[in-house]
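**Student:** My questions concern the predicted model and sequence given below.
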Amino acid sequence: MKTKFYKYQGAGNDFILIDHTHSTLEHTDNQFIEDLCHRRFGIGADGLMFVTKHENYDFEMYYFNADGKLGSMCGNGGRCIVAFAKQLGIIERETNFLAVDGPHYARISENGEWVDLQMIDVNTITKDGEAYVLNTGSPHYVTIQNNLKDFDVFSEGKKIRYNQIYSEKGINVNFVEDQGDHLFVRTYERGVEDETYACGTGVTAVAMAIAKHKNQTGHIKTDIKVLGGDIKIEFDYDGANFTNVFLCGPAKLVFEGEVN
Ligand SMILES: N[C@@H](CCC[C@H](N)C(=O)O)C(=O)O
């Protein structure tokens, strides 16, 4: 049987999307998902998502990392699945949907190519040496790095992700350089086990860590550059809790096709 798929990207974080609204998602073939995400032998993607029906929400998001395993929240994936739900006619320009970390509100721009996604509130940031560790739907490690353009994100990120503290559960590792009017961020992603062009929960974690680092409070807007484009983060921070958190950026259909 052939399965129709759609390929989306959000700031270069790319995903395979499959409409599964006709039936519930009871079994998943994790090897097949890994094969489809493979960049040489498959379609190629950082992850794969199913959109399914839900009684109390517009839809439910199921996200798998490129390794074929069920992931934690994917922010850029969340923005792409919202654009996909609009393409399928499930929603108009606003939605409330369910993901692995709970309900999310999102709104789509008039041209359909920019999605603002509300993320979970965060009230815990810990430190690991000079680095910040927090969960924005997925676990993140944030560390400041000078000359980030020339830094070996793959090797250094992998070392942290697989060190004694994090190797069992894994962690996404973000390196950030303050470039004045914006932050430049590069991320080593768990589940892809490589650097990706963008990580939505990652840049959200970075914006929060930098606000804490600089002792900023109030309504904070952060412009972020990643390898795949530009992302904006907004939240309120009272010195302890991050609320009204929005991850805003592009979400675009790249191509569609069928797999056997
Ligand atoms: N690319 C994602 C993060 C996806 C989750 C992650 N790889 C994990 O399971 O740890 C994003 O945009 O947030």
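**Tutor:** Alright, I've got the coordinates.

**Student:** And the strands in the stretch 151-260 of the chain?
**Tutor:** Under the criterion DSSP state E, counting those that start in this stretch, the stretch 151-260 of the chain carries strands at the ranges 172-178, 183-189, 194-196, 218-226, 229-237, 242-250, 252-259.

**Student:** Same list, the ones you listed, but as CSV with distance to the ligand and mean pLDDT please.
**Tutor:** For the C-beta atoms, the positions are set from N, CA and C on the backbone; glycine is no exception. Converted to CSV, the strands of the stretch 151-260 of the chain look like this (distance: least, C-beta to the nearest ligand atom, whole Å; pLDDT from 0 to 100):
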stretch, distance to the ligand, mean pLDDT
strand 172-178, 5, 99
strand 183-189, 4, 99
strand 194-196, 6, 98
strand 218-226, 10, 98
strand 229-237, 10, 98
strand 242-250, 8, 98
strand 252-259, 15, 97
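
**Student:** any idea which of those strands is most buried?
**Tutor:** Neighbour counts (mean count of other C-beta atoms under 10 Å) averaged over each of these peak at strand 183-189, with a mean of 25.

**Student:** for the closest residue to F154 other than its chain neighbours, what are its contacts?
**Tutor:** Spatial nearest neighbour of F154, excluding adjacent residues (C-beta to C-beta, 6 or more residues apart in numbering): E195 at 5.2 Å. Applying C-beta atoms under 8 Å, 6 or more residues apart in numbering to E195 gives the contacts V153, F154, G157, R186, T187, Y188, E189, L227.

**Student:** same deal with A198?
**Tutor:** Applying C-beta under 8 Å, 6+ apart to A198 gives the contacts G10, A11, G12, N13, N76, T187, V226, L227, G228, G229, I231, G249.

**Student:** would CSV of the residues you listed with distance to R93 be doable?
**Tutor:** As requested, the contacts of A198 are exported to CSV (distance: C-beta to C-beta, whole Å):
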residue, distance to R93
G10, 17
A11, 20
G12, 24
N13, 22
N76, 19
T187, 29
V226, 25
L227, 29
G228, 24
G229, 21
I231, 20
G249, 16
